[in-house]
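Q: After the sequence you'll find the predicted model.
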Amino acid sequence: SWTPDHFVDSAVEALQNTIGPDDQVILGLSGGVDSSVAALLLHRAIGPRLHGIFVDNGLLRQDEFATVLKAYEGLGLNVTGVNAAPEFYAALAGISDPEGKRKAIGRTFIEVFDREAQKVQGARWLAQGTIYPDVIESVSVHGSSVTIKSHHNVGGLPEKMNLKIVEPLRMLFKDEVREVGAALELPAEILNRHPFPGPGLGIRILGDITPEKVDLLQRADGVFINLLKQHGLYEHVWQAGAMLLPVQSVGVMGDERTYERVVALRAVTSVDGMTADWAHLPYDFLAEVSNKIINQVRGINRVVYDISSKPPATIEWE
Ligand code: XMP
């Protein structure tokens, strides 16, 4: 019968048999469960010959890059953190259209990742955290069994660098990936993390993206996520986050009128993200989040809660 420990033993053995003794392996790390578990498995098999690349696209959550990089280093992974935020902001300047932003983010990711990957001497393999549902999806959508996730789309790198693909999780379902992660002692903080889109806060800032807007949204989102955790609600919702809306509304502060930004909170329950219901969070909790955001984040004077289900709404606003 399938157990995470058996899986780890046989996967490690298979990786050691497949990957040559001098081969170096490159892996893009995102802070998500799949790429992190793939990294731990490869690290157990080949140690520092696994070269993790973790790109800060400037669109991650508050403190996320530093915290996750530290967690990876604490696990002994050979990982390079790349601060590429200015490059992403430059590529995104003036773009408001959701697909345009996704394309700019994807293109910049490929450029940054390629540049880092080419610094790894003796690279023979590109590892990916592809899991079974990704494989099925790519077969039905693209008629091919090789999948490259949109947020880790590495473009033509495998051909350009003559890399072979290795996907140690491609037979696992998500819950099995989590069990394997637990067996490999992945910290709970990464193991139980909500899904987060590859384009990150870039598709949660409606309209064009500026570093100032990213900072505002990171702080509002940080308040929401921290309070969900403090109230024991984080694990009861499937995904949550804040959206920065492209409108201003009138408010009062003391005897001054304000004309500032609006944030929408989104929290959903779901099994697989294909359908979702808005999470019925307690009113008292929502009141606390709203007050804290408006009091602490200058520039936001109104908070609304999204009560739309998917379908017909989507989880993200873009
Ligand atoms: P929607 O908004 O379509 O989202 O209901 C379903 C799930 O997919 C995530 N999502 C993305 N993930 N790149 C990603 O890697 C994207 O462009 C993207 N758009 C949506 C979303 O966060 C949710 O988990």
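A: Perfect, thanks for sending it.
Q: This protein against the ligand: which residues are in contact?
A: Proximity of the chain to the ligand (C-beta under 6 Å from any ligand atom) is limited to residues 102, 150-151, 195, 197-199, 239, 273, 310, 314-316. Heads up, the C-betas are built off the backbone N, CA and C, glycines and all.
Q: Highest neighbour count among these?
A: For the residues of the chain next to the ligand, the largest neighbour count, defined by other C-beta atoms under 10 Å, is 24 neighbours, found at residue 199.
Q: residues touching that one, list them.
A: 59, 101, 102, 105, 106, 151 (C-beta atoms under 8 Å, 6 or more residues apart in numbering).
Q: returning to what we had before: now for the residues of the chain next to the ligand, which pair is the farthest apart?
A: By the measure C-beta to C-beta, 151 and 310 form the most distant pair in the residues of the chain next to the ligand, at 19.6 Å.
Q: in the chain, which residue is closest to the centre?
A: Central residue of the chain (C-alpha atoms, centre = their mean): residue 196, 4.1 Å from the mean position.
Q: so how many other residues sit close to the nearest residue to that residue once chain neighbours are set aside?
A: What sits nearest to residue 196 in space, not counting adjacent residues and going by C-beta to C-beta, 6 or more residues apart in numbering, is residue 32, at 6.7 Å. Neighbour count of residue 32, defined by other C-beta under 10 Å: 19.
Q: Pretty sure residue 32 sits against residue 193.
A: Yes: with contact defined as C-beta atoms under 8 Å, residue 32 counts as touching residue 193 (6.7 Å).
Q: what's the distance between residue 239 and residue 266?
A: Distance of residue 239 to residue 266, given as C-beta to C-beta, to the nearest Å: 8 Å.
Q: overlap in contacts of the two?
A: Common contact partners of residue 239 and residue 266 (C-beta under 8 Å, 6+ apart): residue 315.
Q: wouldn't residue 190 be in contact with residue 71 here?
A: Yes: with contacts counted by C-beta under 8 Å, residue 190 reaches residue 71, the gap being 6.2 Å.
Q: Who has more neighbours out of the two?
A: residue 190 (20 against 17).
Q: Leaving out the residues flanking it, which one is nearest to the more buried one?
A: In this structure, residue 190 finds its nearest non-sequential neighbour in residue 36, 5.2 Å apart by C-beta to C-beta, 6+ apart.
Q: Tell me which residues touch that neighbour, please.
A: Residue 36 makes contact with 29, 30, 72, 129, 181, 186, 190, according to C-beta under 8 Å, 6+ apart.
Q: Can you show me the helices along the chain?
A: For the chain, the helices defined by DSSP state H cover 4-18, 33-46, 64-74, 85-92, 98-117, 132-142, 157-160, 174-183, 188-191, 211-230, 283-296.
Q: now the protein, which segments are flagged as low pLDDT?
A: Applying pLDDT under 70 to the chain flags the ranges 138-155.
Q: Quick check: most distant residue from the centroid of it.
A: Distance from the centre of the chain peaks at residue 255, with 41.7 Å (C-alpha atoms, centre = their mean).
Q: quick check, nearest of the contacts of residue 199 to the ligand?
A: The closest of those to the ligand turns out to be residue 151 (C-beta to the nearest ligand atom; 3.9 Å).
Q: burial count for residue 229?
A: Other residues near residue 229 come to 12 when the count uses other C-beta under 10 Å.
Q: Quick check: it vs residue 46, distance?
A: Per C-beta to C-beta, residue 229 is found 35 Å from residue 46.
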